[in-house]
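Asker: This is the structure alone, sequence omitted:
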């Protein structure tokens, strides 16, 4: 598979493209990364250096790929953090150019908006852009629970609320949805759920909740889910692989005692997870 990944990038650590590109490559896919920002490190450190790239850079790089004839071989487009609505518009313009050259290409949007412990952390206008423009364009959507509730305007802790939220997203366009972290009313305190839905129904994988907090896990799991979905077209199969692989990654990170994902050390997890979790219908 050939995947165009348009996301942020850091030199130190693993978030954005620095969390998504290598797992995709380790799974055997060609990745064409375009960076929306280049920072020294994740902004969670409180200090960083680097710059946000102008949205025109995205269009220019995609045009160059088109001139090489590469877009006709593109199987999927993956996007993550968008620094501004202009960046989002450039990504959707890139998607239109890809689909003109390769109509079967799928778009996976990781709608980065915020999280339960931080609230909304993106600039004003981004949440509206995700809801009104990115969501309807996406074939695959990978929100966390906070983003799911925000996009749907409801709550998803209850089984009925989760079903309404997923149904609402599908009605807007995405054929597959992965909720990258979900705490429902029945989720044990020592566990974490990943939930995915598609044409055949909805499934859950429940994994142990590990005592660590790292950045970039959501970027990695979105890439892993999208890649396996491109390979097989199976929502439960993609969910099982992504959940198992990211659990292995987080376990290796916990064992290493690092603040950053142990992406390189745990690379075999992306191909052959050491612990397999099976999806169950919900």
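Answerer: Thanks, I have it. Bear in mind the structure is a predicted one, so any value in this text is a computation, not a measurement. Numbering: from 1, shown residues only.
Asker: and stretch 98-111, how far apart are its ends?
Answerer: In stretch 98-111, first residue to last residue: 20 Å (C-alpha to C-alpha, to the nearest Å).
Asker: For it, report the contacting residues that lie outside it.
Answerer: Residues outside stretch 98-111 that contact it (C-beta atoms under 8 Å, 6 or more residues apart in numbering): 4, 62, 66, 71-81, 95, 130, 134-135, 137-143, 147, 151, 174, 218-219, 222, 225-226, 229-230. (Glycine included, C-beta is placed from N, CA and C.)
Asker: try stretch 146-157
Answerer: Surrounding stretch 146-157, the residues in contact under the criterion C-beta under 8 Å, 6+ apart are 111-116, 119-120, 127, 130-131, 135, 143, 145, 161-162, 164-165, 168-169, 179, 182-185.
Asker: Residue 34 in helix, strand or coil?
Answerer: Three-state call for residue 34 (DSSP: H, G, I helix; E, B strand; the rest coil): strand.
Asker: What subset of the contacts of stretch 146-157 is buried?
Answerer: Neighbour-count burial (16 or more other C-beta atoms under 10 Å) applied to the contacts of stretch 146-157 gives 111-114, 127, 130-131, 135, 143, 145, 161-162, 165, 169, 179, 182-184.
Asker: just the strands in the protein please.
Answerer: Assigned by DSSP state E, the chain shows strands spanning 2-10, 30-39, 50-52, 76-79, 106-109, 114-115, 119-120, 140-141, 176-182, 191-198, 201-208, 280-281.
Asker: Residue 272: which of the ones you listed is closest?
Answerer: strand 201-208 (17.1 Å; C-beta to C-beta).
Asker: Just give me the longest helix of this structure.
Answerer: Identified as the longest helix of the chain according to DSSP state H is helix 235-256.
Asker: Give me the angle between it and strand 191-198.
Answerer: Interaxial angle of helix 235-256 relative to strand 191-198 (axes from the mean of the first three to the mean of the last three C-alpha atoms, to 10 degrees): 150 degrees.
Asker: Would you mark the buried spots in helix 235-256?
Answerer: Buried-residue list, helix 235-256, by 16+ other C-beta under 10 Å: 235-253.
Asker: what helices or strands is that helix leaning on?
Answerer: With contacts taken as 3 or more C-beta pairs under 8 Å, 6 or more residues apart in numbering; DSSP states H and E, helix 235-256 sits against strand 176-182, strand 191-198, strand 201-208, helix 217-232.
Asker: Out of the ones you listed, which is closest to residue 23?
Answerer: Residue 23 lies closest, by C-beta to C-beta, to one member of the helices and strands packed on helix 235-256: helix 217-232, at 5.5 Å.
Asker: Enumerate the positions of the closest one that are buried.
Answerer: For helix 217-232, by 16+ other C-beta under 10 Å, it's 217-231.
Asker: so residue 42 sits right up against residue 13, yeah?
Answerer: Yes - taking C-beta atoms under 8 Å as the definition, residue 42 is a contact partner of residue 13 at 5.3 Å.
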